[in-house]
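Asks: Quick one: sequence and predicted model below, then my questions.
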Amino acid sequence: ATGSAAAVPVDERFDIAYITPVTIGTPPQTLQLDFDTGSSDLWVFSSHTPPSQIRGQEVYAPNKSSTAKLLDGQTWSITYGDGSASRGNVYTDNFAVGGLTVEGQAVECAQQVSSSFTSEEHMDGLLGLGFSTLNTVSPKGQLTFFDNAKSKLDSPVFTADLKYREAGTYDFGFIDKAKYTGEIVYVPVEMDPGYWTFTSSGYAVGSGNFNAAPISGIADTGTSLVYLPNSILTAYYRQVQGATNSANYGGYVFPCSATLPAFTFGIGEARFTIPPAYISYAPVTEGSATCFGGLQSSRGIGVNIWGDVALKAAFVVYNGENPPKIGWANK
Ligand SMILES: COc1ccc(CN)cc1O
């Protein structure tokens, strides 16, 4: 079996996140979820979510699905790196992504969501694609959609082809040769504690020399920006007129009119270049002449994060074999 579905920017302007249509239950209920390789809970706005916390989202109503079953006594609670959070109870139901169906998928229904989820009107929940060890359901941890689907997939992989301000694709069970150029370069994945953790071979700022140095980090489709060690950030923003690391805005900002260098990162011998446009991420507030950078410091996070700003510069293969590996190709 295989599946394929669009990854659409959730907002018209900054690629804050990408949403993908899924169907849940019988008859099928369609929701738009943020596919997140940085977490492993599949949770949705639901008929159990307080109406005061819903602002336009579609909800999953298990009581309207003839195939829904309550997982009695099971609850979930998750907090993300940006401080957002949600929690609730758990059902199993039929769940499909782009023609690929899993029966008995754990669907975590929100009984509480934090304000940043409420304000993300087009996002009806998250679909975790991290390793199932990260799943928060207690007392019995649940499997991700990918782990449930894996045995029936033609190949135990999914791929992410995210794009700059346009729709890309998530494919399950196959690698579409039309989506990339050259060869896919694979590097090992450390699956403890549950992220797609890999080591980049180094970086270059603009047309400067490549600095060969191992940079461990996670490939995280659910994070908008790239978070790297401070030393790399100072090397990059030193090249940007008027750039400062702003306590006020919580990161590197610069005049939106500034000329930005590209940023290149290595995967083995391969090189991937993030164009300047991806790094001039967004005005700090609507209409401001000050822009927030797409490259930020990982100081204080505890892990380096290759988020969407980097991922959309590549075609990425998440290979769930044992041991897992991650593949990168230009496109
Ligand atoms: C508030 O929005 C989000 C918070 C956390 C994640 C997971 N990294 C994804 C989101 O879209």
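Replies: Noted; the coordinates are in hand.
Asks: Which strand residues bridge L127?
Replies: F35, L42 (DSSP bridges).
Asks: ok, and what's touching the worst-scoring helix or strand of the chain on mean pLDDT?
Replies: None of the helices or strands of the chain scores lower by mean pLDDT, DSSP states H and E than strand 280-283, at a mean of 96. For strand 280-283, the external contacting residues (C-beta atoms under 8 Å, 6 or more residues apart in numbering) are 13-14, 224-225, 256, 258, 260, 289-294, 309. To be clear about C-beta, it is placed using only N, CA and C from the backbone, and glycine gets the same treatment.
Asks: Quick check: neighbours of it in the sheet, parallel or antiparallel?
Replies: Strand pairing for strand 280-283, using DSSP bridges, gives strand 290-293 (antiparallel).
Asks: which residues touch the strand it pairs with?
Replies: Applying C-beta under 8 Å, 6+ apart, the set of residues contacting strand 290-293 is 225, 237, 243, 249, 251-256, 258, 279-284.
Asks: Generate a ChimeraX selection restricted to the buried entries among those residues.
Replies: A single ChimeraX command selects the buried members of the contacts of strand 290-293 (16 or more other C-beta atoms under 10 Å):
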select :225,237,243,249,251,252,253,254,258,279,280,281,282,283,284
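Asks: what residues does the stretch 201-331 of the chain put near the ligand?
Replies: Along the stretch 201-331 of the chain, the residues adjacent to the ligand under the rule C-beta under 6 Å from any ligand atom are 222-223.
Asks: What ranges does the stretch 201-331 of the chain have for its strands?
Replies: For the stretch 201-331 of the chain, strands defined by DSSP state E, counting those that start in this stretch occupy the ranges 211-219, 226-228, 244-246, 251-255, 263-267, 270-274, 280-283, 290-293, 295-297, 305-306, 315-319, 325-330.
Asks: Distance to E183 for the ones you listed - can I get that in TSV?
Replies: Listed next are the strands of the stretch 201-331 of the chain as TSV, based on distance: least, C-beta to C-beta, whole Å:
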stretch	distance to E183
strand 211-219	18
strand 226-228	24
strand 244-246	37
strand 251-255	33
strand 263-267	11
strand 270-274	8
strand 280-283	30
strand 290-293	31
strand 295-297	26
strand 305-306	20
strand 315-319	11
strand 325-330	7
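Asks: So the residue nearest to K69 when sequence neighbours are not counted: helix, strand or coil?
Replies: In this structure, K69 finds its nearest non-sequential neighbour in T92, 5.1 Å apart by C-beta to C-beta, 6 or more residues apart in numbering. Following DSSP: H, G, I helix; E, B strand; the rest coil, the label given to T92 is strand.
Asks: if I read this right, T92 contacts L71, doesn't it?
Replies: Yes - between T92 and L71 there is a contact under C-beta atoms under 8 Å: 6.1 Å.
Asks: which residues do these two both contact?
Replies: A106.
Asks: mind listing the helices for this structure?
Replies: 115-118, 145-149, 230-237, 276-279, 308-311 (DSSP state H).
Asks: surely I16 meets V8?
Replies: No - I16 is beyond contact range of V8, at 11.8 Å (criterion: C-beta under 8 Å).
Asks: now C291: how far from R238?
Replies: As judged by C-beta to C-beta, to the nearest Å, C291 and R238 stand 17 Å apart.
Asks: more neighbours, those two?
Replies: C291 (22 against 10; other C-beta atoms under 10 Å).
Asks: Just the pLDDT for that one.
Replies: Model confidence at C291, given as pLDDT, is 98.
Asks: before we move on, what about E12?
Replies: E12 is given a pLDDT of 83.
Asks: so how many other residues sit close to it?
Replies: 7.
Asks: And the one 10 residues further on, by the same measure?
Replies: Taking other C-beta under 10 Å as the neighbour definition, V22 ends up with a count of 27.
Asks: hang on, isn't it packed against Q105?
Replies: No - V22 lies out of contact with Q105 (C-beta under 8 Å); the separation is 9.7 Å.
Asks: Need the overlap of contacts for the two.
Replies: F95.
Asks: L129 - nearest residue in space that isn't next to it in sequence?
Replies: L129's closest residue in space is T37 (C-beta to C-beta, 6+ apart), at 4.5 Å.
Asks: surely that neighbour meets D220?
Replies: Yes - using C-beta under 8 Å, T37 makes contact with D220 at a distance of 5.7 Å.
Asks: which residues do the two both contact?
Replies: 195-196.
Asks: one step back: what separates the residue nearest to K69 from G104, distance-wise?
Replies: Counting by C-beta to C-beta, the gap from T92 to G104 is 5 Å.
Asks: repeat for K152
Replies: 13 Å.
Asks: Check F131 too.
Replies: F131 is 20 Å from G104, by C-beta to C-beta.
Asks: likewise I78?
Replies: Separation of I78 from G104 (C-beta to C-beta) stands at 21 Å.
Asks: repeat for A213
Replies: 45 Å.
Asks: what pairs with A7 across the strands?
Replies: Applying DSSP bridges, one finds that A7 bridges with G168.
Asks: Please list all residues in contact with it.
Replies: Counting by C-beta under 8 Å, 6+ apart, A7 has contacts 18-20, 35, 160-163, 167-170.
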